[in-house]
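**Q** Below is the sequence, then the predicted model.
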Amino acid sequence: MIKKEKLGRYLVFYPALSDETFEKNGNIFSKSPTTMKIYNIIKEEPGICSSTIARMIKLQRNSVKYHIDKLLSEDYIVSVQNGRKNHLYKKEEKIE
């Protein structure tokens, strides 16, 4: 059995017997490999800035900002302003 759900402009299919947490945790990354790549960079290098991420993966800063905003809205990461720069951290990490 398969369930389907409309999320924004996407129609998502998943097993009917699956855990409901899959809906929230699985969908943001399954739609965009770039979002997953950016999340992994933030996880591996806590405190990194969006401009550094843009240089690493050779994308425009606007594109990186779009993916970071998605991660921020879903509470996967947090942003801490230090001076003029925003430093990005995975949500569970302790920030000082």
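**A** It's in. None of the values given here were measured: they were computed from a predicted structure.
**Q** so residue 37 sits right up against residue 56, yeah?
**A** No - Residue 37 sits out of contact with residue 56 when judged by C-beta atoms under 8 Å, with a separation of 9.3 Å. Any C-beta I mention is one placed from the backbone N, CA and C, and that applies to glycine too.
**Q** Give me the helices and strands touching the helix or strand hosting residue 34, please.
**A** Residue 34 is located in helix 33-44, with elements delineated by DSSP states H and E. Contacts defined by 3 or more C-beta pairs under 8 Å, 6 or more residues apart in numbering; DSSP states H and E place helix 33-44 against helix 21-31, helix 50-57, helix 61-73, strand 85-90.
**Q** Give me the helices and strands touching the third one, please.
**A** Contact here means 3+ C-beta pairs under 8 Å, 6+ apart; on that basis helix 61-73 packs against helix 33-44, helix 50-57, strand 77-82.
**Q** Spatially nearest residue to the residue nearest the centre of the chain, not counting backbone neighbours?
**A** For the chain, the residue whose C-alpha lies nearest the mean C-alpha position (C-alpha atoms, centre = their mean) is residue 71; its distance is 3.2 Å. Taking C-beta to C-beta, 6 or more residues apart in numbering as the measure, residue 71 lies nearest to residue 77, with 4.6 Å between them; neighbours along the chain are not counted.
**Q** What count of nearby residues applies to the one you found?
**A** Residue crowding around residue 77 was assessed by other C-beta atoms under 10 Å; the count is 19.
**Q** Test my guess that it contacts residue 86.
**A** No - with contact taken as C-beta under 8 Å, residue 77 and residue 86 are classed as non-touching, separated by 10.6 Å.
**Q** Scan the helices and strands of this structure for the one with the lowest mean pLDDT.
**A** Comparing helices and strands within the chain by mean pLDDT, DSSP states H and E singles out helix 21-31 as the least confident, with a mean of 55.
**Q** that older thread, and of the helices and strands packed on helix 61-73, who's closest to residue 4?
**A** Comparing the helices and strands packed on helix 61-73 against residue 4 with C-beta to C-beta, the closest turns out to be helix 33-44 (21.8 Å).
**Q** Pull the contacting residues for the residue nearest to residue 65 when sequence neighbours are not counted.
**A** For residue 65, the nearest residue in space outside its immediate sequence neighbours is residue 50; the separation is 6.0 Å by C-beta to C-beta, 6+ apart. With contact taken as C-beta atoms under 8 Å, 6 or more residues apart in numbering, residue 50 is in contact with 61, 64-65, 68, 86, 88.
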